[in-house]
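J.: Curious how this folds, go ahead:
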Amino acid sequence: MTPRKTLAALASFALLLITVPAIASAADDPCREAASQLCQGMKEGDKGYTKCMRAHTKDLSQECKAHLALQRDLEQNPACVADAQKFCPGVKAGGGRMMKCLRTHQGDLSEECKQEIGRRTGRR
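T.: Modelled structure (predicted):
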């Protein structure tokens, strides 16, 4: 590889490292915009946030509703939310389906999610 191609590849990689986290953080909470309008001053994790968002269900996007359903399904396992979004995007929340899907990806899960599942199931 020529020095020019190497430099271009490194520049592209650096740009990717800067861009991906910004995209991921926006995708992590599809309810952010609705929360800022409907539940002013609240963000995910704040006391009363879930109650406020549920009170405005009819005003939420499908993506936000799905995100809230996932949050409800993983209330006992909040460290697994990102893993669930990554490995089980098409799985409908509820009925233990999400946990079953996560278990099929046990080797790929974040350490935090593995530990949380282990604590909940009694396996460490």
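J.: going forward, measure contacts between C-alpha atoms and count neighbours the same way
T.: Fine.
J.: so the residue sitting nearest the centre point of the chain is in which element?
T.: In the chain, the C-alpha nearest the mean C-alpha coordinate belongs to residue 82, at 3.4 Å (Cα atoms, centre = their mean). For residue 82, the host element (DSSP states H and E) is helix 81-87.
J.: Next, the buried residues of that helix.
T.: 81, 83-85, 87 (16 or more other Cα atoms under 10 Å).
J.: want to throw the residues you listed into JSON lines with pLDDT?
T.: Below are the buried residues of helix 81-87 laid out as JSON lines (pLDDT from 0 to 100):
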{"residue": "81", "pLDDT": "86"}
{"residue": "83", "pLDDT": "92"}
{"residue": "84", "pLDDT": "90"}
{"residue": "85", "pLDDT": "88"}
{"residue": "87", "pLDDT": "93"}
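J.: rewinding a little: show me what the helix holding residue 82 is in contact with.
T.: Helix 81-87 is contacted from outside by 28, 70-71, 74, 98, 101-102, 105, 109-110, 113, using Cα atoms under 8 Å, 6 or more residues apart in numbering.
J.: swap the cut-off to 10 Å and go again
T.: For helix 81-87, the external contacting residues (Cα atoms under 10 Å, 6 or more residues apart in numbering) are 24, 27-28, 67, 70-71, 73-75, 80, 88-91, 93, 98-99, 101-102, 104-105, 108-110, 112-113.
J.: repeat for stretch 103-121
T.: So stretch 103-121 is contacted by 76-84, 86-88, 97-100, 102, 122-124 (Cα under 10 Å, 6+ apart).
J.: shaky segments in this protein?
T.: 1-28, 120-124 (pLDDT under 70).
J.: circling back to that earlier point, show me which of the contacts of stretch 103-121 are buried.
T.: Counted by 16+ other Cα under 10 Å, the contacts of stretch 103-121 give 77-81, 83-84, 87-88, 98-99, 102 as buried.
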